[in-house]
Every structure is written in structure tokens, then in C-alpha cells.
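[1] Here's a sequence, model it:
(2 chains)
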Amino acid sequence: MSITKLAAPLAIALAISFTLPIINHQYQTAYASETGNSQETELKHKIDTSKLSGVDYWIADMYNNDRVMYAVVVTLVMAVLGTSMAFLTDLVLKALGLEVSKISHRE
Amino acid sequence: MSFFNIHLPVAGIEFSALLLILIGFCVGVLGGFFGVGGGWMITPALNIFGFHMAFAIGTPLANIFGQSIGAVRKHHRMGNVDWKLGLISIISSVIGVEIGSRVIISMERAGDVGSIVRWCYVFLLAGLGMYMLYEYFVLHPKQLKLAEDIGEKAVGHTTDSSKISDKLRRLNVPPMIAFPASGIDGVSIWIILLVFLITGFLSGFMGVGGGFIILPVLVYLIGLPTTIAVGTSLVTVLFTSAYGCFTYSMKGRVELLAAFIMLIGASIGAQVGATAIKYIKGFGIRLLFAIMVIFASLSVLTEQFYKMAGKHIFQALAGIVLMGTALAMTALIIGRIVLEAKKERKA
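    I've put the predicted structure just below:
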């Protein structure tokens, strides 16, 4: 299937995946303030950064001060690491003789 | 083991990096092989080893998102992904998830619903597993015998499963849509949307990713070959976990460093699991899936006993059943792939 045919459903899927959390966040915050139930909502705790340094400090500081940025960074890091590791593992599996190609869909 | 311990700044605990990689690897293998996310395994595993529940639910979603990218890519190369169906399924799945999660939130206002959710989980998983075992040991041999008798090659679907998906396909409610990658000439788009709305609802209601519901739905209700169902299910898992990763991170429930380390093992595992699909026939995948979901339901049942009786032995047993099943399945898949690798090297 060509990428142009996929563009519209892909755009809708991406839009749903990344805009619905923001709408949902508003709904659940309102629900929590109404009921006092915070199980499904934001964790309010702050990390003590006084003993942290380097990457740990950067993560904790972002977590404390900008949750949207934290969410963007987590999602991007996972996407980049997932793609890179998949690429590297593929090379190793190929070297081991476990290359894949189109398979027959036998039951 | 303390040599491998690292400080996780967000969760505020010390945790073994080696254990994170191992958990990730197991989940990756199962995810790549069965087309599931594996949150049902990571969440209790992390919780058992000391993660606070608030992070044990959110962190796996970030990991599943990362591992699914590689697994989808690999299944795509093997021709196992029906993109059109996968992307359409996401639209109604996500709406279903939202409805399901709001129903559960509304029910929470009336009291504790954990017990209801656990019973739903037990019956759904056990029912699916039992049906798949029945199909493997009773219906499939019957069909093979019938095919032998009439001198035709078995086409792969049992009589019963064909009937369900064929009946659904015969419902002529326009607009009709074709899925050539799955060999489906025409089916009402409303059937597809409704089916995924229901699976999404169940995911949202039970608080799970839904891969273990989507795989049998694609096979039995839509009529996809098992390997295409695995790849297509992963597309749905990819997008729903992307959604989960983002939304749980915004709520501060994802431990980035733990997810990062776990993903190293998970990405490798997902590639291995996806590769193993090449060596196991569709019915073999269904048999292993059936065994896995039956043990998963046993684990939830044991957890329910713990909630009812308050005896910690049940809680420990639930964790052991779950981890034992995951480890055994991973070992089985790895064993098979090692055997095949040896064969291919000799050839």
C-alpha cells in the first residue's frame, strides 16, 4: 500500500493519539477536583533535586516543572531508542542467518 | 546484584538495571510473537520487585510503545501487516477506550469496581483460551479429516471460525470496504468499526492495552490469517501505547530511566519474537496464545482470591504464575528460534 493512500488514516490516528490525552487530561482533572479521587490523575509529588546531578537532575527538573515537555521527551526518547535498537538487532539477526522476508501465511 | 543497581530519579528507588532488561526482553519476545503489548505482565512484575503501582502502570506503556515500533517494522517486512485495517481499527478502538474508561470512572463513584474488573478479566481470558484450545484439539483435526475425505487441502480456518467471520462479511450494510492484504474482498465498514469499538471499550473498562483481545477478534470475527492478525494487532498496540505513553507521562506516572533501560531488552526481544513467527504455523501460534491467556486468567483469579481472603500467599502465587508463564513462553520461543538458526546455518 502506498504512503499517499495511508496519509489520511495515519494523520487521523496520530491526531487521536496525541490530542486526546490533552482533552482527557482536562476531563480527569475536573473529575478529580469534583470527587477528590486522584487515582487516574496527575501525581502531584515533587522530586527532591538537591542530591541529583547530570541526566538524573535534568529528568527530575523537567518532571517537576514542565509535565507536557516531560511527556514529549519520554515519547520521543522511546520512539528513537525503539527504532535504533530494532535496526541494530536486525543487523545482528541477519549476521546470525535469521534474515526475514515475506512469508507465506500458512495456518 | 547490587552492582547493577541504579537510582531511578522519578520513582525515587534503587532498582536492578539487569532485571529491567530481563523483564523487557521477555515482554518484547511475547509482544513480537503474539502481537500483544505485554502490560499484563510488566505491571505486576515491576510491582512485585518494588515499583510503586503509580509507576508500574504508566512505565510499561512507554516501553510497549518503543518495542512495538521495531516489531511492526519487522512484521511489515514479512507482509504480516494490513495497514488499512490497522489504522481504521485505531480510530474506533481509541473511542471505545475512552468510553470504557469513563464508564469505569463513573462506576468507581459508586464503590470499588476492582473485583468486577478482575472477574471480567478472568472470564474473558479463560473463555478465549478454552475456545482456542477446543478449536486446536477438536475443530481443527475434524476439518483436516474432512479435507482429507473430500481430497482438498485444508484452508486453515476451522468451520466454526469461518462461519462467524463469513456471517459478518455477508451483512451487506454499505459502505463496504475491501482489505486485499488480508484476503478480504468486502466487509461493511460498520462491522469493523463496531467490532473495534467493543474491543476498545473492553480495553478501557479493564485498563489493559487490548492486544490479547484484538488478536482473537481479528482471527475469529474478521477472518484474518493468524500471522497477519499478529502484525495488524501490533499496529493497534503501537498507536494505543503511544497514546498511553504520552498521557501517562503528562500525569507524571512514567519513570523515564526505567522505561529507557527496559526498552533496550524489549527491542531486542521484539525482533526475536517477530522473527520466530517465520518458523511457527498459525495454529501453533494460536495454541501457545491459548495456553498463555489461560495462565494469565489463573493469575488474575489468584489475585482475586487474595483480595477476598487477604492472604498474601495468593498474591505471591499470582506473581509466580504470571512470571512463570512469561518465562516459559519466552524460553519456548527462543528455543525454537535457536534450533531453526542452527538448521539454516547448516543448510
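
[2] drop to CA atoms for contacts and neighbour counts, all remaining ones
    Noted.

[3] Would you mind giving the domain segments of chain A?
    A:1-41, A:45-107 (automatic domain parsing).

[4] which of these has the lowest average pLDDT?
    Mean pLDDT is lowest for domain A:1-41 among those, at a mean of 53.

[5] Can you get me a residue count around residue 56?
    In the absence of a named chain, chain A is used. Neighbour count for A:D56, taken as other C-alpha atoms under 10 Å in any protein chain shown: 17.

[6] other chain: chain B
    23.

[7] wait, doesn't B:F25 sit right on B:Q271?
    No. In this structure, B:F25 is not within contact of B:Q271 by C-alpha atoms under 8 Å, at 10.0 Å.

[8] For these two, indicate the residue with more neighbours.
    The neighbour comparison of B:F25 against B:Q271 (other C-alpha under 10 Å) goes to B:Q271, with 31 against 26.

[9] element containing the more buried one, please.
    In this assignment (DSSP states H and E), B:Q271 forms part of helix B:256-276.

[10] name the helices or strands packed onto the very next helix or strand once past that helix?
    Remark: after helix B:256-276, the chain's next helix or strand is helix B:282-309, criterion DSSP H and E. Helix B:282-309 is packed against helix B:114-134, helix B:226-250, helix B:312-346, with contacts defined by 3 or more C-alpha pairs under 8 Å, 6 or more residues apart in numbering or on different chains; DSSP states H and E.

[11] Comparing these, which comes out most buried?
    Stretch with highest mean neighbour count among the helices and strands packed on helix B:282-309: helix B:226-250 (a mean of 29; mean count of other C-alpha atoms under 10 Å in any protein chain shown).

[12] Which residue does the stretch 1-150 of chain B have closest to chain A?
    B:M78 (3.9 Å; C-alpha to the nearest C-alpha).

[13] Can you give me the pLDDT of that residue?
    87.

[14] what about it, how many neighbours?
    B:M78, neighbours per other C-alpha under 10 Å, totals 22.

[15] List phi and psi for it.
    Backbone torsions for B:M78, taken as degrees, to the nearest 10, come to phi -90, psi 0.

[16] how close does it get to B:I99?
    34 Å (C-alpha to C-alpha, to the nearest Å).

[17] Equivalent analysis for A:V73, please.
    28 Å.

[18] Give me the more crowded residue out of these two.
    Set A:V73 next to B:I99 and count neighbours by other C-alpha under 10 Å: B:I99 wins out with 20 against 17.

[19] other SSEs contacting the helix or strand the more buried one falls within?
    Element membership for B:I99, per DSSP H and E: helix B:83-110. Counting by 3+ C-alpha pairs under 8 Å, 6+ apart, the packing neighbours recorded for helix B:83-110 are helix A:3-35, helix B:189-206, helix B:226-250.

[20] Now with 6 Å, please.
    Counting contacts by 3 or more C-alpha pairs under 6 Å, 6 or more residues apart in numbering or on different chains; DSSP states H and E, helix B:83-110 is packed against helix B:189-206, helix B:226-250.

[21] Could you pull out the buried residues of that helix?
    B:83-102, B:104-105 (16 or more other C-alpha atoms under 10 Å in any protein chain shown).

[22] so how far is it off the chain centroid?
    A distance of 16 Å separates the C-alpha centroid of helix B:83-110 from that of its chain, computed with C-alpha atoms, centre = their mean, to the nearest Å.

[23] Columns mean pLDDT and distance to B:H52 on top of the helices and strands packed on helix B:282-309, output as JSON lines?
    Output for those, formatted as JSON lines (pLDDT from 0 to 100; distance: least, C-alpha to C-alpha, whole Å):
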{"stretch": "helix B:114-134", "mean pLDDT": "87", "distance to B:H52": "18"}
{"stretch": "helix B:226-250", "mean pLDDT": "87", "distance to B:H52": "14"}
{"stretch": "helix B:312-346", "mean pLDDT": "86", "distance to B:H52": "15"}
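
[24] Relative to chain A, which of these is closest?
    Per C-alpha to the nearest C-alpha, nearest to chain A of the helices and strands packed on helix B:282-309: helix B:226-250, 4.5 Å.

[25] now the angle from the closest one to helix B:83-110?
    50 degrees (axes from the mean of the first three to the mean of the last three C-alpha atoms, to 10 degrees).

[26] Helix B:282-309 and helix B:226-250, what's the angle between them?
    40 degrees.

[27] anything in helix B:226-250 near chain A?
    Yes. With C-alpha under 6 Å from any C-alpha of the partner chain as the criterion, chain A is reached by helix B:226-250 at B:Y243, B:F246, B:T247, B:S249, B:M250.

[28] Sticking with the nearest residue to the fourth one once chain neighbours are set aside, tell me its helix or strand.
    Just to be clear, that refers to B:S249. Residue nearest to B:S249 in three dimensions, not counting chain neighbours: A:A71, with 4.6 Å by C-alpha to C-alpha, 6 or more residues apart in numbering or on different chains. Element membership for A:A71 (DSSP H and E) is helix A:67-95.

[29] what's the burial count for the residue lying closest to B:I104 once chain neighbours are set aside?
    Counting by C-alpha to C-alpha, 6+ apart, the nearest residue to B:I104 once its immediate chain neighbours are dropped is B:F205, at 5.6 Å. By other C-alpha under 10 Å, 21 other residues sit near B:F205.

[30] still on that earlier bit, of all the helices and strands packed on helix B:83-110, which one comes closest to B:M130?
    B:M130 sits nearest to helix B:226-250 of all the helices and strands packed on helix B:83-110, at 17.3 Å, using C-alpha to C-alpha.

[31] May I have the secondary structure class of A:K46?
    Here A:K46 is coil, with the state taken from DSSP: H, G, I helix; E, B strand; the rest coil.

[32] Spatially nearest residue to it, not counting backbone neighbours?
    Using C-alpha to C-alpha, 6+ apart, the closest residue to A:K46 is A:N64 (5.6 Å).

[33] And the one you found, how close does it get to B:G32?
    From A:N64 to B:G32 the distance is 35 Å (C-alpha to C-alpha).

[34] tell me the mean pLDDT over the helix holding B:Q271?
    Rounded mean pLDDT across helix B:256-276 is 92.

[35] Okay, and B:I177 sits in which element?
    Using DSSP H and E, B:I177 falls in strand B:176-179.

[36] Give the buried residues for that strand.
    B:I177.

[37] So what are the sheet partners of that strand and their directions?
    Within its sheet, strand B:176-179 is paired with strand B:184-188 (antiparallel), according to DSSP bridges.

[38] Show the average pLDDT along the partner strand.
    On average, strand B:184-188 scores 88.

[39] what comes up buried for that strand?
    B:V187, B:S188.

[40] circling back: A:N64 and B:G32: which has the busier surroundings?
    Counted by other C-alpha under 10 Å, A:N64 and B:G32 do not tie: B:G32 has more neighbours, with 33 against 17.

[41] who touches that one in this structure?
    B:A71, B:A270, B:G273, B:A274 (C-alpha atoms under 6 Å, 6 or more residues apart in numbering or on different chains).
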